[in-house]
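S.K.: Have a look at this fold, sequence not included:
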């Protein structure tokens, strides 16, 4: 049954191969297709994240935004004044994202990765919008039609039922549930294989257009676009956008990180009126990292454990010294108790000092992160919750830990005031002064315009 199904699968895969484009002669003449669609066709109708940055470069070439290089680590995207013309859905997605992040019409290029959004879902919407346009123009289609897909899925029930019957005969009398599970596993596995191969394929018309764009790609490959920054779009215009979509301008794509996750340790902030980079450190250097961010009870418990360890270590040391060196301690118990109490007293004293000496930190939340702890083997999965606040004075700082209930009501971009323990880095109280514009609501006015 499995052999027959795979034979059917192979024949249908052979019959539904996409048309293979023949590269045309090298040319610098662009067609009417946008960069995202050109990149899709020259990459075998497989979507890449380059298309997102290339779309922004194309918007810059059309003067809907401008990209200005201010310094070696800072470039700005500035929105054009006035309304935008009618855009394709995926172009509007990119422009909307820039609008959401911009303050006074300006956003740093590095900050394009910021903002709370489901990036996988956003990328999928962008990809689907590009593919929808390709299908509407008749350039591509799904590999399996409805009839093809239905036939493969329904016929997969035959080897799945055969596997279940085989399991029913080989397993003990009470193995009916396990046999059914085997059949379901086979059915799901074959169905997953069908869906995995159900990719986009080019049509005959699409192969002709793709061949022309492959000729454009060969022409652009001879240029020096790999070293061009995103701001070079002011010189190269649409050419740089198409080069980026085809994977020929990696520096420009890296400089516009719209389709990548924001870096946990590098956050962009506009707090104070100027876009700037904030380096975020989680934990603390050296032994201090063992208690930084932990709760008071955890620090006290670890202190008591460390004190017990010190007590035991001194006792063992006295015994070994007596046996090996003949050294006799006058009062080993008192010596061990003194060492244990001293070691345990240090973290306990820090906990007490932490409750007394607290800092008030006010600024913009630039990072809200949840880190997994444990979860290996039999240990349960737990999480620690961290925030980083840009107070406008330093360009680097440590993240602070807090409780889950406080973490859940925060969002990156919130303006907050927090009371934080000086020694443990634990948030005692936090208040949202101005909600973030990343929460999905209309942008809130910012107290200081960026420039």
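M.R.: The structure has been received and is ready for your questions. Values in this document were obtained by computation on a predicted structure and should not be read as measured data.
S.K.: So for the host helix or strand of residue 209, mean pLDDT?
M.R.: In this assignment (DSSP states H and E), residue 209 forms part of helix 204-221. In this model, helix 204-221 has an average pLDDT of 93.
S.K.: and whichever helix or strand comes after that helix, what other elements does it pack with?
M.R.: Next along the chain after helix 204-221, taking DSSP H and E as the criterion, comes helix 233-236. Packing partners of helix 233-236 (3 or more C-beta pairs under 8 Å, 6 or more residues apart in numbering; DSSP states H and E): helix 50-61, strand 65-71, helix 238-245. Just so you know, the C-beta spots here come from the backbone N, C-alpha and C atoms, and that holds for glycine as well.
S.K.: what's the closest of those to residue 22?
M.R.: Ranking the helices and strands packed on helix 233-236 by proximity to residue 22 (C-beta to C-beta) places helix 238-245 first, at 19.8 Å.
S.K.: Now do that closest one and helix 204-221, the angle between them.
M.R.: Calculated by axes from the mean of the first three to the mean of the last three C-alpha atoms, to 10 degrees, helix 238-245 forms an angle of 110 degrees with helix 204-221.
S.K.: And the residue nearest the centre of the protein?
M.R.: The centre of the chain sits closest to residue 261, judged by C-alpha atoms, centre = their mean, with a distance of 3.0 Å.
S.K.: That one in helix, strand or coil?
M.R.: For residue 261, the assignment made with DSSP: H, G, I helix; E, B strand; the rest coil gives coil.
S.K.: surely it meets residue 114?
M.R.: No - here residue 261 lies out of contact with residue 114, judged by C-beta atoms under 8 Å, at a distance of 10.4 Å.
S.K.: about what we covered before: for the closest residue in space to the residue nearest to the centre of the chain that isn't next to it in sequence, which residues are in contact?
M.R.: Nearest residue to residue 261 in three dimensions, chain neighbours excluded: residue 119, at 6.0 Å (C-beta to C-beta, 6 or more residues apart in numbering). Neighbour list for residue 119: 259-261 [criterion: C-beta atoms under 8 Å, 6 or more residues apart in numbering].
S.K.: Check which helices and strands the longest strand out of those in the chain is in contact with.
M.R.: In the chain, assigned by DSSP state E, the strand with the most residues is strand 358-374. Counting contacts by 3+ C-beta pairs under 8 Å, 6+ apart, strand 358-374 packs against strand 266-269, strand 276-281, strand 381-390, strand 415-421.
S.K.: now the angle from it to strand 276-281?
M.R.: Following the same axes, to 10 degrees, one obtains 60 degrees for the angle between strand 358-374 and strand 276-281.
S.K.: Show me which positions of strand 358-374 end up buried.
M.R.: Applying a neighbour-count criterion of 16 or more other C-beta atoms under 10 Å, one finds 358, 361, 363-369 buried in strand 358-374.
S.K.: neighbouring strands for it, and are they parallel or not?
M.R.: strand 381-390 (antiparallel), strand 415-421 (antiparallel) (DSSP bridges).
S.K.: any chance of those in CSV, with mean neighbour count too?
M.R.: Listed next are those as CSV, based on neighbours: other C-beta atoms under 10 Å:
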stretch, mean neighbour count
strand 381-390, 20
strand 415-421, 19
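S.K.: In CSV: the ones you listed, plus mean pLDDT and distance to residue 60.
M.R.: As requested, the strands paired with strand 358-374 are exported to CSV (pLDDT from 0 to 100; distance: least, C-beta to C-beta, whole Å):
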stretch, mean pLDDT, distance to residue 60
strand 381-390, 88, 28
strand 415-421, 91, 30
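S.K.: do you know which of those strands lies nearest residue 167?
M.R.: Closest to residue 167 of the strands paired with strand 358-374 is strand 381-390 (C-beta to C-beta; 32.7 Å).
S.K.: Next, report how far that closest one is displaced from the centre of its chain.
M.R.: Remark: strand 381-390 is offset 16 Å from the chain centroid, using C-alpha atoms, centre = their mean, to the nearest Å.
S.K.: Can you name the element that comes right after it?
M.R.: Counting by DSSP H and E, the next helix or strand C-terminal to strand 381-390 is strand 396-398.
S.K.: Which strands and helices lie in contact with that following strand?
M.R.: strand 276-281, strand 381-390.
S.K.: Which residues belonging to the shortest one are considered buried?
M.R.: Within strand 276-281, the residues that count as buried by 16+ other C-beta under 10 Å are 276-278, 280.
S.K.: Now stretch 118-135: average pLDDT?
M.R.: Averaging pLDDT along stretch 118-135 yields 91.
S.K.: Same question for stretch 90-108.
M.R.: 90.
S.K.: Same question for it: list its buried residues.
M.R.: 90-95, 97-98, 100-103, 105-108.
S.K.: From the rest of the structure, what touches it?
M.R.: Residues outside stretch 90-108 that contact it (C-beta under 8 Å, 6+ apart) are 34, 36, 52, 55-56, 58-59, 64-65, 74-79, 81, 84, 87, 111-112, 114-115, 117, 122, 125-126, 129-130, 133, 258, 268, 270, 275, 437-438, 443, 446, 449-451.
S.K.: Sitting in strands, which of these do you find?
M.R.: Under the assignment DSSP E, the contacts of stretch 90-108 contribute 65, 74-79, 268 to strands.
S.K.: Could you export these as TSV, including distance to residue 320 and neighbour count?
M.R.: Shown next, in TSV, are the ones in strands among the contacts of stretch 90-108 (distance: C-beta to C-beta, whole Å; neighbours: other C-beta atoms under 10 Å):
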residue	distance to residue 320	neighbour count
65	73	24
74	61	16
75	64	19
76	67	22
77	67	24
78	72	16
79	73	18
268	56	23
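S.K.: Turn these into a markdown table, columns for pLDDT.
M.R.: Converted to a markdown table, the ones in strands among the contacts of stretch 90-108 look like this (pLDDT from 0 to 100):
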| residue | pLDDT |
| --- | --- |
| 65 | 93 |
| 74 | 79 |
| 75 | 87 |
| 76 | 91 |
| 77 | 92 |
| 78 | 92 |
| 79 | 92 |
| 268 | 88 |
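S.K.: which one of those is nearest residue 409?
M.R.: Nearest to residue 409, judged by C-beta to C-beta, of these is residue 268 at 23.0 Å.
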